[in-house]
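Peer 1: What follows is a protein structure lacking sequence information:
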């Protein structure tokens, strides 16, 4: 005890001496470098966060645009804002804002790719080499843009941008690194333009989305007469559609601008002696067919006799001194006009709207005489009493717009241990976000935070269906005994959400019960070095069963069968039919069991079934091996395999030498051998599938260094004791040049036919490429005339890497500017590669 006290005393003394030293030296320490370092770190973090939010916002915008195409929506208006961004309003009142790219992080280029076979847009990504690839979901399927949008994040450990295609459950690296110091353009968009009939949205990778514009002409300033103080600025909402061009007129000395945010009016300052005291502000809108209309409001300098203010869902008025009586009412936007209001106050029903005192936060529903509808716009109007008794005019009407808050109605029914039926109905909103969480993990604040980073699943239509699935959220299975929270929130263009806007419904899924009589049967286990498998079939009273593979170490963590069953229900697979269950990628000699449990239609669980299922111990088969002779070509390599013994399979890794030195092997041959033994991310072929023991590997790069690793495998899954390693260089190609070998080149040149050219803002060129008899395969790449540069062989490499590979007649199209080139290179039966054929498509005369 005394020794401990002595140590404590020594620690305190040491701390005191250190503290004294810090105080003594702090007066001469310059912490500018530390401050600058912290400031720089904060700047980089701010840039990374801004880049992340910008990209996720652009992904949401891109989904809205492609949804508009698939749902046949039209664009009501395209308005440029003061900051250079564009506000796009659709025919269903949905709107998005597209921002110009700013200096920020180099980031993954998410794009959309139209499949010419089915005409559907799918999510894709453009690589650093300019090549587009489809994004795939967890099952390897292409992701239509109508499905869940991809999400992005920056891995805090690797600083690499990652992408998720399953709503954030799993993440894949993109190869793009974030530093917070980049000057790359974070926007997915490079331009917005329009003509009389279409709006055009150009993505960074050159993809152009063309959306038709509305033909119905509409332009309405949602306001009545406005009073201004000198220099005062007001912003008024405007509804517009079908407008090709517009002009704004105003009184002299007033400033007016129309942007995506609305109509901005600035009254003249008092010093401007030449300004008019009032007049009309008007928007003259013209459609592409020449139809036009005018929307106008009176503006005047001075104090309003009746000022209307709104707060939330309540209305207040302020009266100018001397005003003792006025008229006030509320109309739905589709019923409102200043002429209609003037007719009301001039008629017999005027007394219904008469007011003799100012209003103080009167509920909108009270003025309307009924409950308001969610998401609906109402016009609150007022007319001051006439001092002269003259008839009221439409220019006397003061009005302000108020829009009630949108919401989503959620309901749940038919709740059983298998799930529930849920519905989501829009109330005054055009789209909304949904999500599902375990009640134990649900937090409104966390939902709002996640929405800022692309959380939630955006919905564009009402939903009525099962709780589980991928529509409302990524919820592949329902776990009995769990209470779920389904949440929804109306979409907000500004991206600013409050917890009060969230709508939720709880779905308590009943737990399963025990002591039932249902059975399930696990058949004979077949084991290899790296896998076990067995048939599983329903037994007596079996409505459904759960099953899984558990290693003995994991099974030992559960003291009772009920604990194992609980784990099965949460983490296992389930089926109502017989299955062949296989657990692959096991370590050799793994000890484990296949566990299963059945339940009946009432949700009663039977007894737990356990069947031992151990993978075989690894046993290298010294009697089998494989030798490989390589015949390298320029575009493909032929491997001749010579086996020793009787292997039934081969496993191999074939890659460029430079790639071997990086992920996933990092130049480690032992890591490759283990991957081959475990059949982990390698290629496996059966001997029976080979013809004359030859294996052809296609699509290699010419004049490049390659590595091949291969092992043989016997019928029991045992690998050969040795691994074959081969290095080779693919052949240099024999080129056929247009100038040097003109006769040969022209004799085999594929025939390119321009089938049709159509023009809107840009051109769509349809073309056909037909190969000649000696052509083994050809590659087509269509692009701007000056897109391909460099030496002829560099151009060939680019077309082969990024173009479309074909062996028979091919038809395609390209959308963009003219002139453009249809670039074709081809390979003949002798393996010779031909210099590009360039068919130039010019603007039609």
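Peer 2: Alright, I've got the coordinates. Small disclaimer: the values here were computed from a predicted structure and weren't measured.
Peer 1: now residue 843: how far from residue 756?
Peer 2: Separation of residue 843 from residue 756 (C-beta to C-beta, to the nearest Å): 15 Å. C-beta coordinates here come from the backbone N, C-alpha and C atoms, glycine included.
Peer 1: for residue 792, same thing?
Peer 2: To residue 756, residue 792 is 30 Å away according to C-beta to C-beta.
Peer 1: Once you drop chain neighbours, what's closest to residue 792?
Peer 2: With sequence-adjacent residues excluded and distances taken as C-beta to C-beta, 6 or more residues apart in numbering, residue 792 is closest to residue 835, at 5.2 Å.
Peer 1: now residue 626
Peer 2: What sits nearest to residue 626 in space, not counting adjacent residues and going by C-beta to C-beta, 6+ apart, is residue 712, at 4.5 Å.
Peer 1: Run through the bridge partners of that neighbour.
Peer 2: For residue 712, the beta-bridge partners are residue 650 (DSSP bridges).
Peer 1: Isn't it up against residue 646?
Peer 2: No - counting by C-beta atoms under 8 Å, residue 712 stays clear of residue 646, with 9.3 Å between them.
Peer 1: Pull up the overlap in contacts between those two.
Peer 2: Common neighbours of residue 712 and residue 646, using C-beta atoms under 8 Å, 6 or more residues apart in numbering, are residue 624.
Peer 1: Which one's more surrounded, those two?
Peer 2: Higher neighbour count among residue 712 and residue 646: residue 712, with 28 against 12, using other C-beta atoms under 10 Å.
Peer 1: And the helices in this protein, which stretches?
Peer 2: 2-26, 32-70, 338-346, 364-368, 444-451, 552-555, 561-571, 657-660, 669-678, 742-748, 792-802 (DSSP state H).
Peer 1: ranking these by mean pLDDT, which is last?
Peer 2: Comparing mean pLDDT across the helices of the chain, the lowest value falls on helix 2-26: a mean of 38.
Peer 1: Any regions of the chain where pLDDT drops low?
Peer 2: For the chain, applying pLDDT under 70 flags the ranges 1-50, 100-106, 128-130, 147, 156-158, 177-186.
Peer 1: how does it divide into domains?
Peer 2: Here the domain parsing of the chain from automatic domain parsing is 44-212, 218-403, 407-508, 520-612, 625-729, 735-841.
Peer 1: and stretch 514-523, how far out from the chain's middle?
Peer 2: Relative to the chain's own centre, stretch 514-523 is displaced by 43 Å; criterion: C-alpha atoms, centre = their mean, to the nearest Å.
Peer 1: what's the answer for stretch 704-724, then?
Peer 2: The answer for stretch 704-724 is 41 Å, by C-alpha atoms, centre = their mean.
Peer 1: what do you get for stretch 564-582?
Peer 2: For stretch 564-582 - counting by C-alpha atoms, centre = their mean - the centre lies 32 Å from the chain centre.
Peer 1: Give the buried residues for it.
Peer 2: By neighbour count on 16 or more other C-beta atoms under 10 Å, the buried set for stretch 564-582 is 564-569, 572, 574-575, 579, 581.
Peer 1: Make a markdown table out of those and add distance to residue 462.
Peer 2: Below are those laid out as a markdown table (distance: C-beta to C-beta, whole Å):
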| residue | distance to residue 462 |
| --- | --- |
| 564 | 42 |
| 565 | 38 |
| 566 | 36 |
| 567 | 37 |
| 568 | 36 |
| 569 | 32 |
| 572 | 34 |
| 574 | 29 |
| 575 | 32 |
| 579 | 36 |
| 581 | 39 |
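Peer 1: closest to residue 426 among those residues?
Peer 2: residue 574 (33.4 Å; C-beta to C-beta).
Peer 1: sorry, back to before: list the contacts for the residue nearest to residue 626?
Peer 2: 621, 624-626, 643-645, 647, 649-650, 719-720.
Peer 1: how about 10 Å then?
Peer 2: 621, 623-627, 641, 643-651, 687, 718-724 (C-beta atoms under 10 Å, 6 or more residues apart in numbering).
Peer 1: from these, which ones fall inside strands?
Peer 2: Counting by DSSP state E, the part of the contacts of residue 712 found in strands is 625-627, 641, 643-644, 649-651, 724.
Peer 1: Those residues, buried ones only, as a ChimeraX selection?
Peer 2: The buried residues among the ones in strands among the contacts of residue 712 can be selected in ChimeraX (16+ other C-beta under 10 Å) with this line:
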select :625,626,641,643,649,650,651,724
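Peer 1: what would the ones in strands among the contacts of residue 712 look like in TSV with distance to residue 81?
Peer 2: Output for the ones in strands among the contacts of residue 712, formatted as TSV (distance: C-beta to C-beta, whole Å):
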residue	distance to residue 81
625	70
626	66
627	69
641	65
643	70
644	73
649	62
650	62
651	58
724	64
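Peer 1: Looking at the ones in strands among the contacts of residue 712, spot the one nearest residue 212.
Peer 2: Relative to residue 212, the closest of the ones in strands among the contacts of residue 712 is residue 651; by C-beta to C-beta it sits at 53.4 Å.
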